[in-house]
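Chemist: show me the folded form of this:
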Amino acid sequence: MFTRGTLRMASAGLLVLSVLLGSAMQAAGDEMNLRVGPYLPSLILAEASAPAMSENCSDALQRLDREDHFSVMKMLDAMGKPGSGILEGNSYWYGGYKQCVGMPVAQYCLMVTTLNISAIMPLMTLHLGVCVPKECSAEDVAHFVTNLQEINEMAVVVSDYIFKPEVPNTTYASCSRPAEYGSGTIATLTLIGVLVFLLLAGTVVDWCFFSAVPQQSFVTSSSPATAVVVQPSMDGFGHETGVTAIQSGSNEKMPLLAKPVGGASTRNSEYSGPRSMQSVLGLLRCFSIPRKLNIILAAEHKPGTIPCLHGLRTLSMLWVILGHCYMWPFFTGVANPLDMLSVLKRISFQFVLNGTFSVDTFFFLSGLLVMFLTLKHLEGSGGSIKWYLFYLHRYLRLTPLYAFVILAFVNVVPLLGSGPMWSQVFASGGACTTKWWTNLLYINNFYPDSINDECIGWSWYLANDMQFFVISPIVIMAAYKFRTAGISITCGFMILVGLICNIALEYHYKTTIGGGALPGLSTNSFYGDKIYIKPYTRVPVYAIGMAVGYALRRLPHVHLTLPRPACLVLAAAGWAVTAILLCAPIFGLTHVVQTGEKLSLTASVGYYSLSRTSWALGLAYLVLACQSGYGGYLNSFLSHPVWIPLSRLTYGAYLVHPLVLSILFLGLDKALYFTDSSMFFYYMAAAVTAYLTSLITAVGVEYPLLELEGRLVGRG
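Modeler: Sure, this is the predicted structure:
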């Protein structure tokens, strides 16, 4: 019954117990004359003399065995070992990460290989922490396992089942290295230092040379006839659409831009010194912290806006964070993944599992607002608009903060933590070191080919949104010139093209739902890269948003002759249909999730092709009803002023929240043990931290550069 491997495990257990004696054993080491060589598994010594082993690693292993027994035992103690919960899917045997990296002679490496557990599960990916001398490379660590002779003889008995590692299927090994202060890090920290200096200088200038009560409009010229007003006119993510930084003459009617954001004092507070000094102080004042906080935190609805969108935008962002909060542990390690997977079968969890519809909400809002705001400007200016400013302002509005987050991801975030999986994400900067330019050109949803190879992969949304923005003037001008016919033809064409592309691609790649490890999700690896992130499959939602934006502009001119009771009946019927349109995409696959059945290809294609359109149509009625006075308590909730400051921080929260989640979960030195309560607290921590970080970036980067860009446009 007791095999050679079992006896070796018992001996190793005694060895671990001896390590607990710590310094006492080290002090008496000479008298004990303890040789640990017989207890060292072949993972450390048996391959030390193998020809494929690097000479430095082999020499280091043999030297430690001869000269530093205590360090060898600590390395063994720090190595990953089988723990409890294997039948619950625990395949993250990280070992003692901090213990290993705390040794001057050792380094921590993570080896990923494949286990075949007969009668339990066909395949398990094992993440094994290995503590080796610093002279060893990742290739040496992989070699330890690939050429292991005795590990196949060591069977670990779990209940009545036996599993053995499939040694030839070793995937890779990587070793953790401390983050270094390279030239990129120094440059990024210098940039942050410059921004901090500008913020302090701008605050002092505002206090000393200008009125204590800041204006909330960004008026960038002292001449009313040539003033450039940069008001936060929000699109789907709460950032400007590009129509607000437009030069306006004194005879132009622009009600959207005519009033300050938060109702603060609008008295003239300009410095009345020399013109050159005015320019310098005016630029510095763009970085005034009190002014930016006053703008961001102002919680007052402006006339002519759509109040319910603030609530929709904020709740959708919180939904995104919720979905990612449950997704990130699968990347970083869960000690009881089968328990976590069982949660998927709850009806309530379908809201989390289908959190991708939150992204469609942003596409919908973006299309709605770019149509609503630009059409409003065209109607107020007699059809005159400078399209180059339309595009330029959009690019300059989005890109600075976007680029700043990329710089921070590559050069600063790696310094903020450590853990067994940390180097897998942060150590080398990933794809951002070579693919950053695709993000700044907003083509990263086409190149690279895989979302896993993208720089900050969650930014695929921004690429789609920018591409939709580029073609939006075609629809806007059709709506402006040809009214209902123009918007119907252009948006109808976009919806039709999107549906055809969805159906064709889903049939081509055979994207069936169910039957996989995650029930209710596509089992086709092509779905994310070839369908999910492409603009031609997401454009129907954007087009529906644009159609609603047009409808909202025409809504004041529509006069219904129906009696009030008939209107209420129609409104109630509309809400009933809306509830179906919104609930069907989220809860429609509950049976598939609970039973694990696999849908037919036709049913899968039908769901994928129509579910997002259904969601957008439900949002369309919701917004129209709320804006028309039929929203009731829901409209009061979504339009509450508390959402306004949070909605202004949505763009920053979207960019930084994956960094927050990565720091939160990758910083764990043990696999996460999933419970409902632990996930609740992780989610609250992630959401609050993401919005606080967004507030910092908004005050320090986003809004100062927005005002600065407005001044430069005004002088152009």
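Chemist: shaky segments in the stretch 1-150 of the chain?
Modeler: 1-52, 115-123, 144-150 (pLDDT under 70).
Chemist: now do the strands in it.
Modeler: With DSSP state E, counting those that start in this stretch, the ranges of strands along the stretch 1-150 of the chain come out as 92-93, 106-117, 121-133.
Chemist: quick check: A335 vs N90, distance?
Modeler: Per CB to CB, to the nearest Å, A335 is found 5 Å from N90. For glycine as for every other residue, the C-beta is placed from the backbone atoms N, C-alpha and C.
Chemist: who touches both of those two?
Modeler: 83, 671 (CB atoms under 8 Å, 6 or more residues apart in numbering).
Chemist: show me where the chain has strands.
Modeler: 92-93, 106-117, 121-133, 156-158, 161-166, 172-175 (DSSP state E).
Chemist: who are the packing partners of the longest helix anywhere in the chain?
Modeler: Ranked by residue count under DSSP state H, the longest helix found in the chain is helix 460-509. Other elements packing on helix 460-509 under the criterion 3 or more CB pairs under 8 Å, 6 or more residues apart in numbering; DSSP states H and E are helix 357-380, helix 387-411, helix 535-554, helix 601-628.
Chemist: the ones you listed: which one's closest to Y527?
Modeler: With CB to CB, the closest approach to Y527 among these belongs to helix 601-628: 8.2 Å.
Chemist: I'd like the mean pLDDT over that closest one, please.
Modeler: Across helix 601-628, pLDDT averages out at 94.
Chemist: quick check: buried residues in that helix?
Modeler: Residues of helix 601-628 classed as buried by neighbour count (16 or more other CB atoms under 10 Å): 604-605, 607-628.
Chemist: what of stretch 327-335?
Modeler: For stretch 327-335, using 16+ other CB under 10 Å, the buried residues are 328-329, 332-335.
Chemist: among these, which are in helices?
Modeler: Filtering the buried residues of stretch 327-335 for helices - DSSP H - leaves 328-329, 332.
Chemist: just those residues: which has the poorest pLDDT?
Modeler: T332 (82).
Chemist: check contacts around it.
Modeler: Contacts of T332 (CB under 8 Å, 6+ apart): 421, 665-666, 668, 671-672.
Chemist: try it again with 7 Å
Modeler: Going by CB atoms under 7 Å, 6 or more residues apart in numbering, T332 touches 421, 665-666, 668.
Chemist: do the same with F674
Modeler: By CB under 7 Å, 6+ apart, the neighbours of F674 are 329, 334, 336, 339-340.
Chemist: rerun at 6 Å
Modeler: 334, 336, 339-340 (CB atoms under 6 Å, 6 or more residues apart in numbering).
Chemist: what do you get for P414?
Modeler: So P414 contacts 179, 426 (CB under 6 Å, 6+ apart).
Chemist: what's stretch 350-370 in contact with?
Modeler: The contact list for stretch 350-370, computed with CB under 6 Å, 6+ apart, reads 235-237, 241, 316, 319-320, 322-323, 326, 461, 465, 472, 538, 541-542, 545-546, 548-549, 585-587, 590, 612, 615-616, 619.
Chemist: narrow those to those that are buried.
Modeler: 235-237, 241, 316, 319-320, 322-323, 326, 461, 465, 472, 538, 541-542, 545-546, 548-549, 585-586, 590, 612, 615-616, 619.
Chemist: one step back: do you know which of the helices and strands packed on helix 460-509 lies nearest S279?
Modeler: Across the helices and strands packed on helix 460-509, closest to S279 is helix 387-411 (CB to CB), at 19.6 Å.
Chemist: list the helices and strands that closest one packs on?
Modeler: Applying 3 or more CB pairs under 6 Å, 6 or more residues apart in numbering; DSSP states H and E, one finds that helix 387-411 makes contact with helix 183-209, helix 432-440.
Chemist: mean pLDDT and distance to L706 for these - can I get that in a markdown table?
Modeler: Output for those, formatted as a markdown table (pLDDT from 0 to 100; distance: least, CB to CB, whole Å):
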| stretch | mean pLDDT | distance to L706 |
| --- | --- | --- |
| helix 183-209 | 93 | 14 |
| helix 432-440 | 92 | 18 |
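Chemist: now those helices as TSV including mean neighbour count and distance to L373?
Modeler: As requested, those are exported to TSV (neighbours: other CB atoms under 10 Å; distance: least, CB to CB, whole Å):
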stretch	mean neighbour count	distance to L373
helix 183-209	15	29
helix 432-440	16	25
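Chemist: L692: which of the ones you listed is closest?
Modeler: Short answer: helix 183-209, nearest of the helices and strands packed on helix 387-411 by CB to CB, at 16.4 Å.
Chemist: quick one, the closest one and helix 387-411 angle?
Modeler: 120 degrees (axes from the mean of the first three to the mean of the last three CA atoms, to 10 degrees).
Chemist: between helix 183-209 and helix 432-440, how many degrees?
Modeler: Note on geometry: by the same axes, to 10 degrees, helix 183-209 and helix 432-440 are set 50 degrees apart in direction.
Chemist: mind starting the numbering at 628 from now?
Modeler: From this message on, residue numbering opens at 628, which makes the last subject helix 810-836.
Chemist: other SSEs contacting helix 810-836?
Modeler: helix 902-912, helix 1014-1038.
Chemist: nearest to L691, out of the strands of the stretch 628-777 of the chain?
Modeler: strand 748-760 (6.3 Å).
Chemist: and the closest one, how far out from the chain's middle?
Modeler: 27 Å (CA atoms, centre = their mean, to the nearest Å).
Chemist: then stretch 1320-1334?
Modeler: The answer for stretch 1320-1334 is 19 Å, by CA atoms, centre = their mean.
Chemist: quick check: end-to-end length of that stretch?
Modeler: Criterion CA to CA, to the nearest Å; first-to-last residue distance in stretch 1320-1334 is 20 Å.
Chemist: and the two most separated of the contacts of F1301?
Modeler: Counting by CB to CB, the most remote pair of those is V961 and D966, 8.4 Å apart.
Chemist: quick check: mean pLDDT of stretch 1160-1178?
Modeler: 96.
Chemist: neighbours of the residue nearest to S1077 when sequence neighbours are not counted, how many?
Modeler: Leaving out its chain neighbours, the residue that sits closest to S1077 by CB to CB, 6 or more residues apart in numbering is D1156, at 5.1 Å. Look at D1156: counted by other CB atoms under 10 Å, it has 19 neighbours.
Chemist: surely D1156 touches P1075?
Modeler: No: with contact defined as CB atoms under 6 Å, D1156 does not reach P1075; the gap is 9.3 Å.
Chemist: so which of the helices and strands packed on helix 810-836 is the most surrounded?
Modeler: helix 1014-1038 (a mean of 19; mean count of other CB atoms under 10 Å).
Chemist: got the angle for it vs helix 984-1007?
Modeler: Using the same axes, to 10 degrees: helix 1014-1038 against helix 984-1007 is 150 degrees.
Chemist: now helix 1014-1038, how far from the centre of its chain.
Modeler: The answer for helix 1014-1038 is 17 Å, by CA atoms, centre = their mean.
Chemist: again with stretch 931-943
Modeler: When C-alpha coordinates are averaged (CA atoms, centre = their mean), stretch 931-943 and its chain have centres 21 Å apart.
Chemist: ok so, going back, closest to L1333 among the ones in helices among the buried residues of stretch 954-962?
Modeler: W955 (30.6 Å).
Chemist: burial count for V1166?
Modeler: 24.
Chemist: find the nearest non-adjacent residue to it, please.
Modeler: The shortest distance from V1166 to any non-neighbouring residue, by CB to CB, 6+ apart, is to G1125 (4.4 Å).
Chemist: quick check: the one you found touching P1167?
Modeler: Yes: with contact defined as CB under 6 Å, G1125 and P1167 form a contacting pair (3.7 Å).
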